[in-house]
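[1] show me how the following folds:
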Amino acid sequence: MFKSLRDKFTSFKHSVGKAVHKKEEAEEIEVSSNIQISDLPTTKSSGPPTKLISTTTEEVTDAQKTPSLSIEKEKMKKKEKTKKVGLKDKAKTLILKREAILDEKDLAGPLWELEISLMEGNVALPVAEEIVSNVREDLIGKKKRIFSNTEEIVEDALKDSIKDVIRNDGPLFDEMISTGDKPVVILFVGVNGTGKTTTIAKVAKRLIDNDYSVVIASGDTYRAGAQEQIEIHAERLGLRLIKHQYGADPSAVIYDAVEHAKAKGKDVVLADTAGRMHTDANLMRELQKIKRINSPRLTIFVDEAIAGNDAVERAKQFNESIGIDGSILSKLDADARGGAAISIPYVTGKPIFFFGVGQRYEDLIVFDEDWLLGKIFGEE
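    Have a look, this model is predicted:
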């Protein structure tokens with residue numbers, strides 16, 4: 001899982017480490033005539049005098065932050081921040097604390113390589129730019145012990161930046177189920193072939209295990225075999241399936257399922273819909289009709305993690321066309337790049353609720369930032 005992305009991050013850490021190590025060796029040379037000893041605090045030392053660095057004043061300005069493309073969520077604009085890594089600061093740091101200060105020259109090349117690597121890993125462009133910008137801001141001006149482990153500092157900056165991008169500040173799935181008016185209607189949307197029907201069965205199993213009563217609505221009345229497929233899942237789970245004949249109005253099917261749930265005191269209605277491309281205007285209008293008639297508490301976009309940028313673009317378009325409340329990514333266990341898992345929360349402004357990681361009903365993992373970061377960085 002995420003091997004390709006993990007390898008790219010490792011390469012970035014090595015690149016920064018090499019650049020900084022080369023700088024540290026250079027900064028062990030004799031004192032510059034431009035520095036006056038009187039400018040530095042007097043300290044007692046029993047050892048030989050420490051040599052100062054020879055350099056010139058540098059002014060580093062962070063690259064302007066790229067705003068999020070998310071329509072739903074306004075990201076607070078970060079103020080441009082100018083960091084002056086001056087000669088006197090460098091000298092004091094080297095002499096008194098045996099530390100070096102990271103500057104733009106150390107990071108320019110590796111940061112460019114990082115941005116390219118992220119995009120090669122199917123991370124959306126605005127997301128890659130945001131991650132790189134955050135890493136740059138975190139590292140420039142940072143002090144580190146001479147010849148200490150630079151890669152640990154760089155990895156911490158990467159983790160903080162990615163965590164900021166994928167952070168979910170909204171209510172959790174379980175909270176919305178427990179606090180919502182019953183029956184809670186959940187509408188599942190997405191394109192064909194991405195594991196939507198199997199994902200519905202996994203969510204149903206999780207709800208059953210948490211003592212909720214569930215009804216499934218077979219809202220895919222177009223695809224041949226769709227009703228039979230979801231009926232098999234319903235039978236295995238011991239759940240009631242509400243269906244009409246093929247070609248029926250899916251809004252009516254879901255409406256009947258909601259009315260059945262109300263009459264029987266059921267807690268949750270899981271509504272399947274026909275897979276459709278986000279570019280099909282007529283089918284997207286049909287989803288708008290379904291939402292208008294049935295007022296789902298949650299509209300969940302389902303796609304596969306291995307689809308990469310295609311999944312990111314589809315999530316963005318579904319969100320803009322009908323409005324989604326979150327996503328579920330299937331087949332995460334087969335994803336070597338990880339771009340979709342990182343990008344979708346950022347471009348939609350909506351959380352990922354679950355990851356599908358296998359074929360069993362139990363193979364559904366609640367989204368957790370620390371778990372995802374651990375997998376990305378190989379922390380088993």
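[2] quick one, phi/psi of residue 185?
    Dihedral pair for residue 185: phi -100, psi 130, per degrees, to the nearest 10.
[3] can you point me to the longest helix in this protein?
    Using DSSP state H, we find that the single longest helix of the chain is helix 3-26.
[4] name the helices or strands packed onto that helix?
    strand 99-101, helix 104-120, helix 150-166, helix 369-376 (3 or more C-beta pairs under 8 Å, 6 or more residues apart in numbering; DSSP states H and E). The way it works is simple: take the backbone N, C-alpha and C, and place the C-beta from them, glycine included.
[5] 10 Å - rerun?
    With contacts defined as 3 or more C-beta pairs under 10 Å, 6 or more residues apart in numbering; DSSP states H and E, the packing partners of helix 3-26 are strand 99-101, helix 104-120, helix 125-139, strand 143-145, helix 150-166, helix 339-348, helix 369-376.
[6] between the third one and helix 3-26, what angle do the directions make?
    I take that to be helix 125-139. 30 degrees (axes from the mean of the first three to the mean of the last three C-alpha atoms, to 10 degrees).
[7] distance from helix 125-139 to the middle of the chain?
    13 Å (C-alpha atoms, centre = their mean, to the nearest Å).
[8] one more: the fifth one?
    The chain centroid and the centroid of helix 150-166 are separated by 13 Å, computed with C-alpha atoms, centre = their mean.
[9] what is the rounded mean pLDDT of that helix?
    For helix 150-166, the mean pLDDT works out to 86.
[10] repeat for the first one
    For strand 99-101, the per-residue pLDDT values average out at 61.
[11] and what of stretch 224-238?
    The pLDDT scores in stretch 224-238 average 93.
[12] give me the buried positions along that stretch.
    Using 16 or more other C-beta atoms under 10 Å as the test for burial, stretch 224-238 gives 226-227, 230, 233-234, 237.
[13] going by distance to residue 282, which of those wins?
    Within the buried residues of stretch 224-238, proximity to residue 282 (C-beta to C-beta) peaks at residue 226, which comes in at 18.4 Å.
[14] what's the closest one in contact with, if anything?
    By C-beta atoms under 10 Å, 6 or more residues apart in numbering, the contact list for residue 226 reads 192, 196-197, 218-220, 243, 246, 272-275.
[15] which among those count as buried?
    Buried among those (16+ other C-beta under 10 Å): 196-197, 218-220, 243, 272-275.
[16] strands - which of those land there?
    Nothing among the buried ones among the contacts of residue 226 maps onto strands, per DSSP state E.
[17] can I get the residues you listed in JSON lines with distance to residue 154 and pLDDT?
    Listed next are the buried ones among the contacts of residue 226 as JSON lines, based on distance: C-beta to C-beta, whole Å; pLDDT from 0 to 100:
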{"residue": "196", "distance to residue 154": "39", "pLDDT": "92"}
{"residue": "197", "distance to residue 154": "42", "pLDDT": "93"}
{"residue": "218", "distance to residue 154": "50", "pLDDT": "94"}
{"residue": "219", "distance to residue 154": "48", "pLDDT": "91"}
{"residue": "220", "distance to residue 154": "47", "pLDDT": "90"}
{"residue": "243", "distance to residue 154": "54", "pLDDT": "93"}
{"residue": "272", "distance to residue 154": "45", "pLDDT": "94"}
{"residue": "273", "distance to residue 154": "44", "pLDDT": "93"}
{"residue": "274", "distance to residue 154": "46", "pLDDT": "85"}
{"residue": "275", "distance to residue 154": "42", "pLDDT": "80"}
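[18] adding distance to residue 288, write those residues out as TSV.
    TSV is the format used below for the buried ones among the contacts of residue 226 (distance: C-beta to C-beta, whole Å):
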residue	distance to residue 288
196	18
197	22
218	20
219	14
220	17
243	22
272	17
273	12
274	14
275	16
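[19] before we move on, back to that, return the member of the contacts of residue 226 nearest to residue 324.
    Nearest to residue 324 among the contacts of residue 226 is residue 273, at 12.3 Å by C-beta to C-beta.
[20] find the nearest non-adjacent residue to the closest one, please.
    Spatial nearest neighbour of residue 273, chain neighbours left out: residue 219 (4.7 Å); criterion: C-beta to C-beta, 6 or more residues apart in numbering.
[21] so how far is residue 226 from that neighbour?
    Residue 219 sits 9 Å away from residue 226, going by C-beta to C-beta, to the nearest Å.
[22] roughly how far is stretch 353-360 from the heart of the chain?
    The chain centroid and the centroid of stretch 353-360 are separated by 16 Å, computed with C-alpha atoms, centre = their mean.
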